[in-house]
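Undergrad: dropping a prediction and its sequence here:
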Amino acid sequence: MEFFTFINIGGTIAFAASGTLAAMRKDLDIFGLLVIAFVTSVGGGTIRDVLIGHLPVRWILDSSIILLIIGSAGITVLLRSKIEHLDKALTFFDSLGLGFFALRGIQEGISVQLNIPSCIILGTITACFGGVIRDIMLNEIPALFRTGQLYATVCIVGGGLFFALQQLNISPELIDIMTVLSIFGIRTLAIKKNISLPKINKM
Amino acid sequence: MEFFTFINIGGTIAFAASGTLAAMRKDLDIFGLLVIAFVTSVGGGTIRDVLIGHLPVRWILDSSIILLIIGSAGITVLLRSKIEHLDKALTFFDSLGLGFFALRGIQEGISVQLNIPSCIILGTITACFGGVIRDIMLNEIPALFRTGQLYATVCIVGGGLFFALQQLNISPELIDIMTVLSIFGIRTLAIKKNISLPKINKM
Amino acid sequence: MEFFTFINIGGTIAFAASGTLAAMRKDLDIFGLLVIAFVTSVGGGTIRDVLIGHLPVRWILDSSIILLIIGSAGITVLLRSKIEHLDKALTFFDSLGLGFFALRGIQEGISVQLNIPSCIILGTITACFGGVIRDIMLNEIPALFRTGQLYATVCIVGGGLFFALQQLNISPELIDIMTVLSIFGIRTLAIKKNISLPKINKM
C-alpha cells in the first residue's frame, strides 16, 4: 500500500509537471496551463475508466487529486527558472509515473476479467493517453508517435513481462515492483541512448 | 422551469451558431458544417454525462435537441450576410449559454454528490468543452487557451460564487440566476475591455 | 449471421489498413502505426458504445478483434510496395466497411430504443469517427470534412433509406443488405465521379 501510494502520487505530480512545462512552451495563460496540467495527469485514467465503465471516473470523486495537481503545477511554475536542473528529476518522475500508471491500468483490466491483450492495451492507454490529449489540445502530433520516446513501447513490453512473471512462482508485490522498474529502466535507457524503433520504409 | 428552459434553448442555439460560423471560416461543406455545429452544442454536456456515468447521454434520447441544432445552423447560414450585425447577438447568447451550461454542470455534479472542486470542474467542462472539441476538429489551438477569452476562468469564478452564495440565506432560484448573470456579466465585460489573464514569463 | 460476420471482418480489416496507410504517410514508427490502425478500426464503435452506455466497450472483451487489427496492419506493411494495386481494394473494403458500421450503429440505436434521428447519428458516428480520431491524432483536418469524400453524407442517406424501407413489407435481412449496398454504392460512385457537396458561400 505504501509503495502503491508513493508511486501514484509521484506519477500524478510528474504528469502535472510535464503538462505545465508543455503549456508554458505554448504561451498559454495561467488558466490554460492548469487545464493542460490537469488533462495530462488524469486523461489516461479517465479514458481507462470510461472504456471499462467504472463511472463516475475516479478523480471526480476525490478532491485530493485535484488539489495535488494544482499544487504541482504551481510549484513547477515557481521553479521554472531552475528548470534546467529540474529536467532530470522530471524525466525520472515521468518514467516512474509511466511505469506505475501502466501497472495500474493492467490491474484494473484484471479486476474486470479482461483478456491479456486488452489488459496490456488498457495499461498502455492509462500511461500514455494523458500525454496524447495534452499534445492534441496543444495542436501537435502526440509525443507518443515521435521517435526516440518509446512511450507506448515500454508499456507494452512491461505489460508482457507482468504476464510472463505470473507463470513463475513469485509474490504479486514483487511482480508489481519488477513491472514498474522494468518500464522505468527501459525508458530511462532509451532516452539516454536515444534508442528508437524503426520506421516503415515507404518504398 | 421557464427560466431554465429559456436559457437552455438559448445556450444550445448560441453554441450551434458559433460552431456554424467557425466551420464557415474553414471552408467546410454543408455537412461538415452541421457536424461542427452539433459537436459544439452537445460536446460539453456529452463529456459531462460520460464522466459521471449518466448514460445514454441526454441528447441521444431527445430528438428535439437535434432538430433545434439543425435549425439554428440553417438560420445562421441564411443570415450570414448580416453577420456583422449578428456579432453582438452571438456574443450575447454565447456568454449567456456559457453561464447556463456552467450552472447545469454544477447542478449535475451536486445531484451525484460530488465534492465542490469537482462540481466546479464539471460546470467548466460542460460550458467549455464543446468549443474545445470544435477547435480540435478544425485543427486549431482551442479558443479556451487563447488570450482575451476568459472562457474557463469565468466559469470557475461563477462556480465559486455559486457555492459561496449557498452559505447565505438566499433562495436556490436566486442563486441560480445570480450565477448565470455573473458569468454572463464578467465575460461580457472581459470581451469589451479586452481583459486577459497574465501569461507565465518563461524567464 | 454469415453476411454480418463477413462484412464486420471486412470493415475492421479495411479501417485497420486505412489507418496503417495514413500512419506510413506521416513517418510514424512501427508502434505508432499500430496505435493508429487500432484507433481507426475501433474508434467509431468505442464512441458509440460510450454514448449509449454499453460498457465495457466491445473490443476490450474480445481479443480476436485486437489480433485481427494487428494482422491487418502487418499485411498492409508487407504489401506496401504493391499499394498502387491495393488502392482499389482498399476503397472497396473501406466503402463496404462504412456501410456495415453505419448499419451496425443504427441497429445498436434501435436495440436501446433511440429515436430515428439519434439512430442515424449513431450509425454515422460508428462509421466515421474512427477516421476522425485518426486524423486528429495525425494533426490533420478530419477527412470527414474534406471535399469529395461524402463520408458522413452517405451514412446519413443510407440511414434514411433504412428507416424508409421499414415502412414497406420487406424482410429485415433484405433491408440490411440494401442499406449496406446503397452506402457502398453511393460512396463508390461519388469517389469515381468526384462528387462533392456545395460549400457555403461566405459572402
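TA: Thanks, I have the structure now. Numbers count the residues shown, from 1 in each chain, chains lettered A, B, ... in the order given.

Undergrad: measure residue A:121 to residue C:70 for me?
TA: 11 Å (C-beta to C-beta, to the nearest Å). C-beta coordinates here come from the backbone N, C-alpha and C atoms, glycine included.

Undergrad: with neighbour numbers in mind, choose between those two.
TA: With neighbours defined as other C-beta atoms under 10 Å in any protein chain shown, residue A:121 and residue C:70 compare such that residue A:121 has more, 27 against 15.

Undergrad: secondary structure class for residue A:55?
TA: Put simply, residue A:55 is coil when judged by DSSP: H, G, I helix; E, B strand; the rest coil.

Undergrad: list the residues that contact the residue nearest to it when sequence neighbours are not counted.
TA: Spatial nearest neighbour of residue A:55, excluding adjacent residues (C-beta to C-beta, 6 or more residues apart in numbering or on different chains): residue B:53 at 2.8 Å. Residues near residue B:53 by C-beta atoms under 8 Å, 6 or more residues apart in numbering or on different chains: A:53, A:55, A:56, C:53.

Undergrad: for chain A, give the residue positioned nearest to chain C.
TA: Using C-beta to the nearest C-beta, the closest approach of chain A to chain C is made by residue A:53 at 2.8 Å.

Undergrad: could I have stretch A:128-142 exported to PDB, CA atoms only?
TA: Extracted C-alpha coordinates of stretch A:128-142, given in PDB (Å, rounded to 0.1, in the frame of the first residue of the first chain):
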ATOM      1  CA  CYS A 128       0.100   7.300 -22.400                       C
ATOM      2  CA  PHE A 129      -3.200   8.900 -23.300                       C
ATOM      3  CA  GLY A 130      -2.900  11.800 -20.800                       C
ATOM      4  CA  GLY A 131       0.000  12.900 -22.900                       C
ATOM      5  CA  VAL A 132      -1.800  12.200 -26.200                       C
ATOM      6  CA  ILE A 133      -4.700  14.500 -25.200                       C
ATOM      7  CA  ARG A 134      -2.200  17.200 -24.000                       C
ATOM      8  CA  ASP A 135      -0.500  17.200 -27.300                       C
ATOM      9  CA  ILE A 136      -3.800  17.200 -29.300                       C
ATOM     10  CA  MET A 137      -5.000  20.200 -27.300                       C
ATOM     11  CA  LEU A 138      -1.700  22.000 -28.000                       C
ATOM     12  CA  ASN A 139      -2.100  21.200 -31.700                       C
ATOM     13  CA  GLU A 140       0.900  18.900 -32.000                       C
ATOM     14  CA  ILE A 141       1.500  15.400 -33.200                       C
ATOM     15  CA  PRO A 142       1.400  13.300 -30.000                       C
END
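
Undergrad: helices and strands around the helix ranked longest in chain A, which ones?
TA: In chain A, taking DSSP state H as the definition, the longest helix is helix A:83-111. Counting contacts by 3 or more C-beta pairs under 8 Å, 6 or more residues apart in numbering or on different chains; DSSP states H and E, helix A:83-111 is packed against helix A:2-25, helix A:30-52, helix A:116-137, helix A:151-166, helix A:172-193.

Undergrad: what angle do the last one and helix A:116-137 make?
TA: On the basis of axes from the mean of the first three to the mean of the last three C-alpha atoms, to 10 degrees, helix A:172-193 is oriented at 40 degrees to helix A:116-137.

Undergrad: can you list the helices and strands packed on helix A:83-111 in JSON lines and add mean pLDDT?
TA: Shown next, in JSON lines, are the helices and strands packed on helix A:83-111 (pLDDT from 0 to 100):
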{"stretch": "helix A:2-25", "mean pLDDT": "78"}
{"stretch": "helix A:30-52", "mean pLDDT": "90"}
{"stretch": "helix A:116-137", "mean pLDDT": "90"}
{"stretch": "helix A:151-166", "mean pLDDT": "91"}
{"stretch": "helix A:172-193", "mean pLDDT": "89"}
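
Undergrad: generate a markdown table for those, with distance to residue B:101 as supplementary columns.
TA: Shown next, in a markdown table, are the helices and strands packed on helix A:83-111 (distance: least, C-beta to C-beta, whole Å):
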| stretch | distance to residue B:101 |
| --- | --- |
| helix A:2-25 | 24 |
| helix A:30-52 | 17 |
| helix A:116-137 | 20 |
| helix A:151-166 | 34 |
| helix A:172-193 | 40 |
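
Undergrad: quick one: closest of those to residue B:65.
TA: Nearest of the helices and strands packed on helix A:83-111 to residue B:65, taken as C-beta to C-beta: helix A:30-52 at 22.0 Å.

Undergrad: about what we covered before: out of the helices and strands packed on helix A:83-111, flag the one nearest residue C:142.
TA: Per C-beta to C-beta, nearest to residue C:142 of the helices and strands packed on helix A:83-111: helix A:116-137, 12.4 Å.

Undergrad: what about that closest one, near chain C?
TA: Yes - against chain C, helix A:116-137 shows contacts by C-beta under 8 Å from any C-beta of the partner chain at A:116, A:117, A:118, A:121, A:122, A:132, A:136.

Undergrad: so which of those residues reach chain B?
TA: residue A:136.

Undergrad: and which of the residues of helix A:116-137 next to chain C is nearest chain B?
TA: Using C-beta to the nearest C-beta, the residues of helix A:116-137 next to chain C come closest to chain B at residue A:136, 6.0 Å.

Undergrad: what about the closest one, how many neighbours?
TA: Look at residue A:136: counted by other C-beta under 10 Å, it has 21 neighbours.

Undergrad: list the contacts of it.
TA: Taking C-beta under 8 Å, 6+ apart, one finds A:142, B:136, C:136, C:137, C:139 in contact with residue A:136.

Undergrad: how about the residues you listed in a markdown table, adding distance to residue C:156?
TA: Below are these laid out as a markdown table (distance: C-beta to C-beta, whole Å):
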| residue | distance to residue C:156 |
| --- | --- |
| A:142 | 30 |
| B:136 | 23 |
| C:136 | 21 |
| C:137 | 25 |
| C:139 | 27 |
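
Undergrad: widest-spaced pair of the residues you listed?
TA: A:142 and B:136 (12.4 Å).

Undergrad: quick check: residues of chain A near chain B?
TA: A:24-33, A:35-36, A:38, A:46, A:50, A:53, A:55-57, A:59-63, A:66-67, A:77, A:80-81, A:136-139.

Undergrad: buried subset of those as a ChimeraX selection?
TA: Here is the ChimeraX command that picks out the buried ones among the residues of chain A next to chain B, judged by 16 or more other C-beta atoms under 10 Å in any protein chain shown:
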select /A:24,28,29,31,32,33,35,36,38,46,50,53,55,56,57,59,60,63,66,77,80,136,137,138
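
Undergrad: residue A:17 reaches residue A:97, doesn't it?
TA: No - using C-beta atoms under 8 Å, residue A:17 makes no contact with residue A:97, being 9.6 Å away.

Undergrad: burial count for the residue nearest to residue A:181 when sequence neighbours are not counted?
TA: Spatial nearest neighbour of residue A:181, excluding adjacent residues (C-beta to C-beta, 6+ apart): residue A:99 at 6.9 Å. Neighbourhood size, residue A:99 [other C-beta under 10 Å]: 29.
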